[in-house]
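**Q** what's the 3D shape of this:
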Amino acid sequence: MPTISRSVALQPFRSGSHSGSRARPPLGLASWRASLLLAGFVAGLSASCGTGNPGDPNQPGNMSTISKPTLVLITPELGPLSGGTTITLSGTDFREGARVQFGGTAAQNVVVKSNVEIQVTLPPGQGAIGPVAVSVENTDGGRASSDSLFSYVRSVVQFAPASTRSVGRSPIAIAADDVNGDGGKELLVANNIDGTLSVLLHNLDFNQSGGPYATPALPNALAISDVNGDGRRDVVLGCGNASSQEVSVLRGIGNGAFMASDNFAVGGTVSAVAVKDFDGDGKPDVAATVRSANKLVVLTNNSVSPAVSFAPTQTSYGVSGEPSALLLADLNSDGRDDVVLSQYAMQQVGVLLASSTPGSLITPIKTASVGLRPIALAAAELTGDGRTDLVAANFDGNSLSVLNGQNDGTFASVSTLSVGEKPTAVATADMNQDGKLDLIVANSGRNQLWILLGRGDGSFDPAQKLNTDAQPWAMVVTNLDGDSKPDIAVTHLANHSVSIFLNRTQ
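**A** Next up, the predicted model:
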């Protein structure tokens, strides 16, 4: 991999509007600041003409009028409690000698760069994590303040500049695994419109060598396992349109290449797949949510290497509400993975607990209410009680639902976290290496990843925001460069690419 010459902290932009405006000015920061400078000059010229005093009163050092500063933007909008980072304040009518405070504590190294920009060193936070009042006061007493433009967090997650790789059209699913035996994780991407699988090789700096590999039409979901027991990693796909409503397996050759697909009809559009040995025979079985048929299907693996095959009789469970996302997690501490799925049309998640009888699930399904259009799921222990919790990303709710697990497949409470527009993926990982799991969210409508640092008690710091290319969709969070820190790879539907963000947090 090429040497990364520098690390960058997240640099989110946020409008000063209190009504939830978009994350950055539409004209771009440079153009926006230029417009502020022009506005400041016009205002100064008007004041000069009205009073007869020559010159621009908004220029630093000219104190001919009482100032009326405004504060509309602070970048970055988050800073560590320890302080010490460089912060830029943008607004109008800043004057030479202006004083800046964060939560009542004076900022250091205040430099009034122009009448629309001040640069300071962030002081240490004196209170709780979260928003603080920030004020700018000119020497003539003119003052501006805001309590919604800046927040303290425990630490700031840093990333190397993103590396972007082109893949096929509409990359809708992504997974990471070592499929060529070199010890590094490759990125595997299902391209929905093209009907292909792209393989980004770790030892080629995540470039492709060979492929893409043909799949049935409209692959929607992706998982990786050694399905036929030959010691090589295979790709399991869920596909769906009028002609290909099936689970497909592309057998791995062991060098990062794959054979033609073996296809198994399931009678509907597959929205998600998961691989697990359900019946205890040592062979990984496949579970699939069949959204168009409102069912969960389990395919029992009876492969004899090198072939791939499944038992002709599939086990099916009726699930209403367009089952979409799917994951496996032990929700009752019995050592068996249970099935968790989202019911997209019903604002619910459903749980099918694993039975003591191998290969079967307990019905009826247990359900819990979440936000509007749950599209993605994650499971982890987030509250410090030793029980597995769930997180649902709600596409039309613009939120996350955090469900506090009760160790029996039910949930004591559901809390809601507002996130960006149209979240499509959610994951948990310890991004800042503090021993507490954090939440990572892909917001397709805002072209951002949000990172919410966990506090270990089910609560989270304000979101740190990382800009992406157009329409981030699927995401995998795992260590990609061997430094033990979780990195992020995210697909972009609109420009058919994958971006890789390597974690450089100190």
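**Q** the strands in the stretch 201-350 of the chain, which residues?
**A** Using DSSP state E, counting those that start in this stretch, the strands found in the stretch 201-350 of the chain span residues 213-214, 219-225, 234-239, 246-252, 258-265, 270-276, 285-290, 295-299, 315-318, 323-329, 338-343, 348-352.
**Q** for the chain, give me the ranges with low pLDDT.
**A** 1-64, 242-243 (pLDDT under 70).
**Q** all helices for it, in order.
**A** 29-51 (DSSP state H).
**Q** if the most centrally placed residue in it is in a bridge, with which residues?
**A** Relative to the mean C-alpha position of the chain, the nearest C-alpha, by Cα atoms, centre = their mean, is the one of residue 441, at 2.5 Å. Residue 441 has these beta-bridge partners by DSSP bridges: residue 426, residue 450.
**Q** you'd agree it is up against residue 421?
**A** No: with contact defined as Cβ atoms under 8 Å, residue 441 does not count as touching residue 421 (11.0 Å). C-beta here means a position set from N, CA and C on the backbone, and glycine is covered the same way.
**Q** neighbours of residue 323, how many?
**A** 29 (other Cβ atoms under 10 Å).
**Q** same question, residue 111
**A** 12.
**Q** where's it relative to residue 453, distance?
**A** 30 Å (Cβ to Cβ, to the nearest Å).
**Q** do the same with residue 344
**A** 29 Å.
**Q** now do residue 324
**A** 28 Å.
**Q** likewise residue 340?
**A** 24 Å.
**Q** and residue 74, by the same measure?
**A** If you go by Cβ to Cβ, the gap between residue 74 and residue 453 works out to 19 Å.
**Q** okay but residue 88 is in contact with residue 116, surely?
**A** No: the pair residue 88 / residue 116 is not scored as a contact, 10.6 Å apart, by Cβ under 8 Å.
**Q** neighbour-wise, which of those two wins?
**A** residue 116 (27 against 17).
**Q** I'd say that one and residue 91 touch.
**A** Yes: contact criterion Cβ under 8 Å: residue 116 and residue 91 qualify, at 6.4 Å.
**Q** need the residues that contact stretch 355-369.
**A** For stretch 355-369, contacts defined as Cβ atoms under 8 Å, 6 or more residues apart in numbering pick out 278-280, 285, 298, 300, 315, 317, 319, 338-339, 343, 347-354, 390, 403, 409-411, 414.
**Q** these, buried ones only, as a PyMOL selection?
**A** To isolate the buried members of those in PyMOL, using 16 or more other Cβ atoms under 10 Å:
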select buried, resi 278+279+285+298+300+315+317+319+338+339+343+347+348+349+350+351+352+353+354+390+403+409+411+414
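**Q** list the contacts of the residue nearest to the centre of the chain.
**A** 393, 400, 419-420, 423, 425-426, 449-452, 463 are the contacts of residue 441 under Cβ under 8 Å, 6+ apart.
**Q** okay, now the closest residue to residue 221 other than its chain neighbours: neighbour count?
**A** Nearest residue to residue 221, sequence neighbours excluded (Cβ to Cβ, 6 or more residues apart in numbering): residue 238, at 3.6 Å. By the criterion of other Cβ under 10 Å, residue 238 has 30 neighbours.
**Q** my read: residue 238 touches residue 220, true?
**A** Yes: under the criterion of Cβ under 8 Å, residue 238 makes contact with residue 220 at 5.3 Å.
**Q** which neighbours do these two share?
**A** Taking Cβ under 8 Å, 6+ apart as the contact rule, residue 238 and residue 220 both touch 270-272.
**Q** just the CA coordinates for stretch 262-273, please, in CSV.
**A** The C-alpha coordinates for stretch 262-273 follow below in CSV (Å, rounded to 0.1, in the frame of the first residue of the first chain):
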residue,chain,number,x,y,z
ASP,A,262,-24.5,-22.3,-8.5
ASN,A,263,-28.1,-21.1,-8.1
PHE,A,264,-30.9,-22.3,-5.8
ALA,A,265,-34.4,-20.9,-6.2
VAL,A,266,-36.2,-19.6,-3.1
GLY,A,267,-39.4,-18.2,-4.7
GLY,A,268,-39.0,-14.5,-4.2
THR,A,269,-36.7,-11.5,-4.1
VAL,A,270,-33.9,-12.0,-1.5
SER,A,271,-33.1,-9.0,0.5
ALA,A,272,-30.5,-10.4,2.9
VAL,A,273,-28.5,-13.6,3.5
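**Q** got the buried residues for it?
**A** 262-264, 266, 268-273.
**Q** just those now: which is nearest residue 329?
**A** residue 272 (13.9 Å; Cβ to Cβ).
**Q** tell me the bridge partners for the closest one.
**A** Assigned bridge partners for residue 272, using DSSP bridges, are residue 289.
**Q** mind checking how far stretch 76-95 is from the chain centre?
**A** Distance, stretch centre to chain centre, for stretch 76-95: 25 Å (Cα atoms, centre = their mean, to the nearest Å).
**Q** what's the end-to-end length of that stretch?
**A** 22 Å (Cα to Cα, to the nearest Å).
**Q** so which bits of it are buried?
**A** 76-80, 83, 87-95.
**Q** and if you look at stretch 298-314?
**A** By 16+ other Cβ under 10 Å, the buried positions in stretch 298-314 come out as 298-301, 303, 308-310, 314.
**Q** residue 217 - nearest residue in space that isn't next to it in sequence?
**A** Using Cβ to Cβ, 6+ apart, the nearest residue to residue 217 is residue 244, at 4.6 Å.
**Q** quick one: contacts for that neighbour?
**A** 216-218, 263.
**Q** and the gap between it and residue 420?
**A** For residue 244, the distance to residue 420 - Cβ to Cβ - is 33 Å.
**Q** swap in residue 215?
**A** 30 Å.
**Q** surely residue 102 is in contact with residue 127?
**A** No: using Cβ under 8 Å, residue 102 makes no contact with residue 127, being 10.1 Å away.
**Q** compare the two (neighbour count), which wins?
**A** Set residue 102 next to residue 127 and count neighbours by other Cβ under 10 Å: residue 102 wins out with 23 against 11.
**Q** ok, that one to residue 147 distance?
**A** In terms of Cβ to Cβ, residue 102 sits 11 Å off from residue 147.
**Q** what do the two both touch?
**A** Joint contacts of residue 102 and residue 147 (Cβ under 8 Å, 6+ apart) are 132-134.
**Q** can I get those residues in TSV with neighbour count?
**A** Below are the shared contacts of residue 102 and residue 147 laid out as TSV (neighbours: other Cβ atoms under 10 Å):
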residue	neighbour count
132	22
133	14
134	22
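**Q** okay then, goodbye and thanks.
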